[in-house]
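[1] Below are the sequence and a predicted model for it; my questions follow.
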Amino acid sequence: MASSDFSGLIYQNKSSLDLGIKVQYPLDPVYPVPDLEVTHITGRSGDFLQDNDAYQNVTRVFNCIINRPIDISQFDWERELIDWLASPVLEGRRQYEFLQFDIDPEYAYNAIMQTPPTINWDPNQLNYGTGQLSFYCEPFQYRVDGINYINLPDNGIVYNSESRVAVPNWHFVAKGSFVLNVNDLNYQFDNMSGEFWLNGDTGDTYDKDNNLFNNQTHFPNLLPPELPSGENKISITADDGVITRAEYMPRWRRLI
């Protein structure tokens, strides 16, 4: 009979093993629910489907065992646990963070702690316990080789080997105007100066102080660049400007 084993979680660049927390696997599978609107017409076989090409989030629950380090008091341990699980707040909003499972090192969830953890201490050994960690996750897993910023491809070609369209984030340091060309579509940035980012999810262009520059950008169909499955072309030109850095975070992804 197969038995359970235990591994660590990495969240906000910190391992659960640092807190003496190991999570049990194999995990119960979860599947994202597609956003479908179904219309049934009496007398017709087969319902009409309105497909919004989207999926709902999933909740990933980890059962865990705890062996609290003996050099950390229970009170300090609980404070460290909360600091580890509390997502950062940007402009008053909590943010997703990448969540990795030690035994699945090639992919990461984009997750947030929505339900408080449950911890049950052993009354006979107070540094031992069991519990559950529950994370609210986007319906995708992201390849780890695509969740950090990298330089644009030297040969102008990048290949998306996943089945889902990737929606990258972008990072630039530039002065003046320039054009980012992705798959023969031009994304224009006018009269930029300094360091700024383009968020693939929102389409916002902003600087480190979260000042928006959307009125200085011009995108096809008002949407940021996408990288479909297969071969993609990326280039950048600045006839009236200077680009000192151009990076992207591909965010290669697949359905959970």
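    Done, it's in. Numbering: from 1, shown residues only.

[2] ranges for the strands of the stretch 51-200 of the chain?
    With DSSP state E, counting those that start in this stretch as the criterion, the stretch 51-200 of the chain has strands at 58-67, 89-90, 93-94, 97-101, 104-113, 118-122, 125-143, 150-151, 157-160, 169-182, 185-198.

[3] Check which helices and strands the last one sits against.
    Of the remaining helices and strands, those touching strand 185-198 by 3 or more C-beta pairs under 8 Å, 6 or more residues apart in numbering; DSSP states H and E are strand 169-182, strand 205-206, strand 217-218. (Glycine included, C-beta is placed from N, CA and C.)

[4] out of the ones you listed, which comes closest to R68?
    Closest to R68 of the helices and strands packed on strand 185-198 is strand 169-182 (C-beta to C-beta; 37.1 Å).

[5] in its sheet, what does the closest one sit against?
    Applying DSSP bridges, strand 169-182 is found paired with strand 185-198 (antiparallel), strand 230-249 (antiparallel).

[6] what about the nearest residue to V61 once chain neighbours are set aside, how many neighbours?
    Leaving aside its sequence neighbours, V61 sits nearest to S134 (C-beta to C-beta, 6 or more residues apart in numbering; 4.9 Å). Neighbour count for S134, taken as other C-beta atoms under 10 Å: 15.

[7] Show me how the record splits the chain into domains.
    Following automatic domain parsing, one gets these domains for the chain: 5-144, 148-255.

[8] Check the ones you listed for me: which has the lowest mean pLDDT.
    Ranked by mean pLDDT, those bottom out at domain 5-144, with a mean of 91.

[9] Next, the distance between the ends of it.
    Terminal residues of domain 5-144 are spaced 23 Å apart (C-alpha to C-alpha, to the nearest Å).

[10] wait, what's in contact with the spatially most central residue of the chain?
    By C-alpha atoms, centre = their mean, the mean C-alpha position of the chain lies nearest to N110, the distance being 3.6 Å. Applying C-beta atoms under 8 Å, 6 or more residues apart in numbering to N110 gives the contacts Y96, E97, F98, L99, C137, E138, F140, Y142.

[11] Look up the residues forming beta bridges with the second one.
    This points to E97. Applying DSSP bridges, one finds that E97 bridges with A111.

[12] hang on, the earlier thing: in TSV: the strands paired with strand 169-182, plus mean neighbour count and distance to I72.
    Converted to TSV, the strands paired with strand 169-182 look like this (neighbours: other C-beta atoms under 10 Å; distance: least, C-beta to C-beta, whole Å):
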stretch	mean neighbour count	distance to I72
strand 185-198	17	37
strand 230-249	15	35
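
[13] Make a markdown table from those strands and add distance to D122 to it.
    Compiled in a markdown table, the strands paired with strand 169-182 are given as follows (distance: least, C-beta to C-beta, whole Å):
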| stretch | distance to D122 |
| --- | --- |
| strand 185-198 | 47 |
| strand 230-249 | 43 |
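
[14] thinking again about what came up before, and D239, which of the helices and strands packed on strand 185-198 is closest to it?
    Across the helices and strands packed on strand 185-198, D239 has its closest neighbour in strand 169-182 (7.7 Å, C-beta to C-beta).
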